[in-house]
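[1] how would this look folded up:
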Amino acid sequence: MRPFHKNCGIVCLVVAFLSAGYSMVGSESATGISGRVTAPDGSAMEGVAVSARSSIQTLTTSVYTNKNGEYHFPILASGKYKIWAQAVGFETARAESQITANKKTRQDFRLRPLKDFSQQLSGTEWANSLPIATPEDRRMKKMFEWACTNCHTSGFVLSKRFDEDGWDRILDAMIKQRVNAGSANGDAIIAYKDELAKYLTRIRGPEPSPMQFKPLPRVTGEAADIVVTEYDIPPGNEPDFKLFPNGSDWTEGVPNESQAYVLHDAYPCKDGNVYFSDNMTPERTIGKLDPKTGNVTSYKLATPSGAAASSHGLLCAPNGDVWFSNLTENRIDRFDPKTSQFQRFPREGSAALHQTMISVAMDSKGNVWSSQADGALKLNPQTGQYTKYTTAIKHGEPYGVTVDSEDNGWVAQWYADYVSVADPKTGKFTDIDVAPTGESYSARDLEIGQKSKTPLKVPPFYQNGPRRLGADPNGDSVWVGEFYGGHLMKINIHTKQVTRYDMNPDSHPYTAAVDKNHMVWVPLMNGDRLAKFDPFTEKFTEYPLPSLGTHIRFIAVDNTTNPVSIWLSYSGVNKIAHMEFRSGATTAAEKNGN
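    Okay, the predicted model is just below:
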């Protein structure tokens, strides 16, 4: 849990808009904006992000150009729009257009090269650009990403430049925050502080940097055939607060993350709204986004002190109830959207005060599971009884939780490189070792790791870091995002066999969600991208996001749309996003008759 920010509280923000919609690939909407994006020599540019925002809306709609450089927006509400096109390495091109019902609007763009495009880079691109020519360079890169990108993207850190004294002070502040929060890796960071300060001074200090920027290729084909609608989510009690920059114009760089965190998990519900948890603002426990009207409504569960309880994990049950982990009071609670009332499910015993609830998941019987400090809990909502499952691993920091197709509860112990499973039929809790193998470590690094609070068998910055996870509800696999290792991991729920699929090691896969077609969706927290893994072909497709610094910590699959669509919570830029896929799709606007 992060500290409260002063710009936080309650809001009911009303905005009028029509949701984005599109019918078939390649067809142009009857109304809306279309055009072509070209390079200075007139050649077509594929995979360029083109965004549109009305002057009266608090949402942005974005599309991407095809192989011919053409883009087509879905049906948009009439009004005056700002439109901009951007690609890494080029200046942002801007225009304004008036959209009128039953009238096509064309806007072409020609992009001009940008000499210094470093502010446009995603965290993955910044990390990809770090020097790796020597074993020591590779070691320090791992150390940097482990120490500095748990709470930040690489770009937020590396886009700054300081001398050694400046980096030293920043590391002191970071260590103080980690130690005060009881973080299990605080001791190890202290041990590496001097090395990190010297390394950061060498690569991002006053002298010329050895970094060679390496932008990722622009997306093509299927990966560019999407519509992304991003909804602004203001802090609870400041409906007029504007985050600047907010990630929409990449040339402005990564937003200030201390002001950006106002939501954590976001989930579409039976009533058509999207509910989200808030672990930052003191006057909002959970929020509601109405995608049809744009309304954002805040709900407060008051604690004895009068402040709102802080929430972290959140889900919507099949009956429409919203369940969430109450971080402040360390329990699982329920919110009824029909009555706007909360229901507390208290835990007994003093131990409950020290076992923070993190993520939540629901089994087929309606029991709600949560990870906690020493394992997992299962709540029976009918009786209010909690069942505890305890891990043998100490200081493993269980974080993500999921329930498999046989109602077993799984947690990822991301500070320990263990994934653990609870069998409710036997009460047995099994810890599965997923630590990396085949690496060689210096004796000093290994000693520092063993002296830290973490139970790792390897130096901390070599860990895989299983963070959050998702089960196939109709299959025999649990899928895990290995945050530091850069893998998508599959565990067979029967044999416990582990299979890993390599991703960009600098992308930080955070979690996994499985749709009704067995596709696995993985948010890349450091990369401003969403990956889809097809388990039949064992191939990845990466879809771009139009905002910079999104810092995605949770995604939810909407199996009710055709094709499946994805909701993403942008913890880094105060937004909730809806990604829709155009091929054969009937999207939100068409369903609503817009």
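[2] Mind checking the pLDDT average for stretch 66-84?
    Summarised as a single mean, pLDDT over stretch 66-84 is 95.
[3] what's the answer for stretch 321-328, then?
    Across stretch 321-328, pLDDT averages out at 96.
[4] what comes up buried for stretch 240-250?
    By neighbour count, with 16 or more other CB atoms under 10 Å as the criterion, the buried positions of stretch 240-250 are Phe241, Leu243, Pro245, Asn246, Gly247, Ser248, Asp249, Trp250. C-betas here are computed from N, CA, C, even on glycine.
[5] end-to-end on it?
    The distance separating the two terminal residues of stretch 240-250, taken as CA to CA, to the nearest Å, comes to 23 Å.
[6] before we move on, back to that, in CSV, list the buried residues of stretch 240-250 along with distance to Ser311.
    Shown next, in CSV, are these (distance: CB to CB, whole Å):
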residue, distance to Ser311
Phe241, 20
Leu243, 21
Pro245, 27
Asn246, 23
Gly247, 23
Ser248, 27
Asp249, 31
Trp250, 31
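[7] Just the closest of these to Glu283, please.
    Within the buried residues of stretch 240-250, distances to Glu283 taken as CB to CB reach their minimum at Phe241, with 12.9 Å.
[8] I'd guessed the closest one sits against Thr281; true?
    No. Distance between Phe241 and Thr281: 10.4 Å, which falls outside the contact criterion (CB atoms under 8 Å).
[9] quick revisit: quick one: the buried residues of stretch 240-250 as JSON lines, columns for pLDDT, distance to Leu121 and secondary structure too.
    Below are these laid out as JSON lines (pLDDT from 0 to 100; distance: CB to CB, whole Å; DSSP: H, G, I helix; E, B strand; the rest coil):
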{"residue": "Phe241", "pLDDT": "85", "distance to Leu121": "27", "secondary structure": "coil"}
{"residue": "Leu243", "pLDDT": "87", "distance to Leu121": "20", "secondary structure": "coil"}
{"residue": "Pro245", "pLDDT": "92", "distance to Leu121": "14", "secondary structure": "coil"}
{"residue": "Asn246", "pLDDT": "93", "distance to Leu121": "17", "secondary structure": "coil"}
{"residue": "Gly247", "pLDDT": "96", "distance to Leu121": "13", "secondary structure": "coil"}
{"residue": "Ser248", "pLDDT": "97", "distance to Leu121": "16", "secondary structure": "coil"}
{"residue": "Asp249", "pLDDT": "97", "distance to Leu121": "14", "secondary structure": "coil"}
{"residue": "Trp250", "pLDDT": "97", "distance to Leu121": "8", "secondary structure": "helix"}
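[10] which of the residues you listed sit farthest apart?
    Spatial extent of those (CB to CB) is set by the pair Phe241 and Trp250 at 21.7 Å.
[11] one step back: which residues are common contacts for Phe241 and Thr281?
    Common contact partners of Phe241 and Thr281 (CB atoms under 8 Å, 6 or more residues apart in numbering): Pro235.
[12] For burial, what's the neighbour tally of the nearest residue to Tyr501 once chain neighbours are set aside?
    With CB to CB, 6 or more residues apart in numbering as the measure, Leu488 is the residue that lies nearest to Tyr501, at 4.6 Å, once sequence neighbours are left out. Each residue near Leu488 was counted by other CB atoms under 10 Å, and the total is 22.
[13] Equivalent analysis for Asn256, please.
    Close neighbours of Asn256, defined as other CB under 10 Å, add up to 14.
[14] Need the per-residue pLDDT for it.
    Predicted confidence (pLDDT) for Asn256: 82.
[15] and it, what does it touch?
    Shown here is Asn256, whose contacts under the criterion CB under 8 Å, 6+ apart are Leu243.
[16] ok, it to Leu243 distance?
    8 Å (CB to CB, to the nearest Å).
[17] List the beta-bridge partners for Ser97.
    Applying DSSP bridges to Ser97 gives these bridge partners: Tyr81.
[18] ok now do it, which residues does it touch?
    With contacts defined as CB under 8 Å, 6+ apart, Ser97 is in contact with Ile33, Lys80, Tyr81, Ile83, Thr105, Gln107.
[19] same check, this time on Glu207
    Contact partners of Glu207, counting by CB under 8 Å, 6+ apart, are absent.
[20] Can you tell me the SS state at it?
    Per DSSP: H, G, I helix; E, B strand; the rest coil, the secondary structure class of Glu207 is coil.
[21] all helices of the stretch 101-250 of the chain, in order?
    Ranges of helices in the stretch 101-250 of the chain, per DSSP state H, counting those that start in this stretch, are 123-128, 135-148, 154-158, 164-180, 186-204.
[22] can I get the ones you listed in CSV with distance to Asn326, mean neighbour count and mean pLDDT?
    Output for the helices of the stretch 101-250 of the chain, formatted as CSV (distance: least, CB to CB, whole Å; neighbours: other CB atoms under 10 Å; pLDDT from 0 to 100):
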stretch, distance to Asn326, mean neighbour count, mean pLDDT
helix 123-128, 31, 26, 97
helix 135-148, 30, 19, 94
helix 154-158, 29, 25, 94
helix 164-180, 21, 15, 89
helix 186-204, 25, 19, 92
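[23] Nearest to Asn526 among the buried residues of stretch 240-250?
    When the buried residues of stretch 240-250 are compared for distance to Asn526 (CB to CB), Gly247 wins out at 14.0 Å.
[24] Which helix or which strand is home to the residue nearest to that closest one when sequence neighbours are not counted?
    Distances taken as CB to CB, 6+ apart put Ser547 closest to Gly247, at 3.6 Å, once the chain neighbours are dropped. Take DSSP states H and E as the rule and Ser547 turns out to sit in neither a helix nor a strand.
[25] Contact partners for Ser547?
    By CB under 8 Å, 6+ apart, the contact list for Ser547 reads Glu230, Asn246, Gly247, Ser248, Asp528, Tyr570, Val573, Lys575, Ala577.
[26] hmm, try it at 6 Å
    Taking CB atoms under 6 Å, 6 or more residues apart in numbering as the criterion, Ser547 is in contact with Gly247, Ser248, Val573.
[27] cool, Lys67 as well?
    In this structure, Lys67 makes contact with Glu46, judged by CB under 6 Å, 6+ apart.
[28] ok, now how distant is the residue nearest to Gly247 from Val564?
    Distance, Ser547 to Val564, by CB to CB: 22 Å.
[29] And Asn367, by the same measure?
    Using CB to CB, one obtains 26 Å as the distance from Asn367 to Val564.
[30] Does Tyr71 fall in a helix, a strand, or a coil region?
    Criterion first, three-state DSSP; result for Tyr71: strand.
[31] where exactly do the strands run in the stretch 1-150 of the chain?
    Assigned strands in the stretch 1-150 of the chain, in chain order: 12-13, 32-38, 49-54, 59-64, 70-72, 79-86, 93-99, 104-106, 109-110 (criterion: DSSP state E, counting those that start in this stretch).
[32] what sits up against the fifth one?
    Read that as strand 70-72. Outside of strand 70-72, the residues that reach it under the criterion CB under 6 Å, 6+ apart are Glu28, Ser34, Arg36, Val50, Val63, Thr65.
[33] Tell me which helix or strand Arg468 sits in.
    Arg468 is part of strand 466-471 when elements are defined by DSSP H and E.
[34] what do you get for Leu488?
    Short version: Leu488 belongs to strand 487-492, going by DSSP H and E.
[35] Where does the prediction get shaky in the protein?
    With pLDDT under 70 as the threshold, the chain has low-confidence stretches at 1-31, 181-185, 258, 260, 350-355, 584-594.
[36] Can you spell out the domain ranges of it, please?
    Each domain of the chain is listed here as a residue range: 26-111, 130-204, 225-591, per automatic domain parsing.
[37] Now Gly89: closest residue in space that isn't a chain neighbour?
    On the basis of CB to CB, 6+ apart, the spatially nearest residue to Gly89 that is not a chain neighbour turns out to be Phe117, at 4.8 Å.
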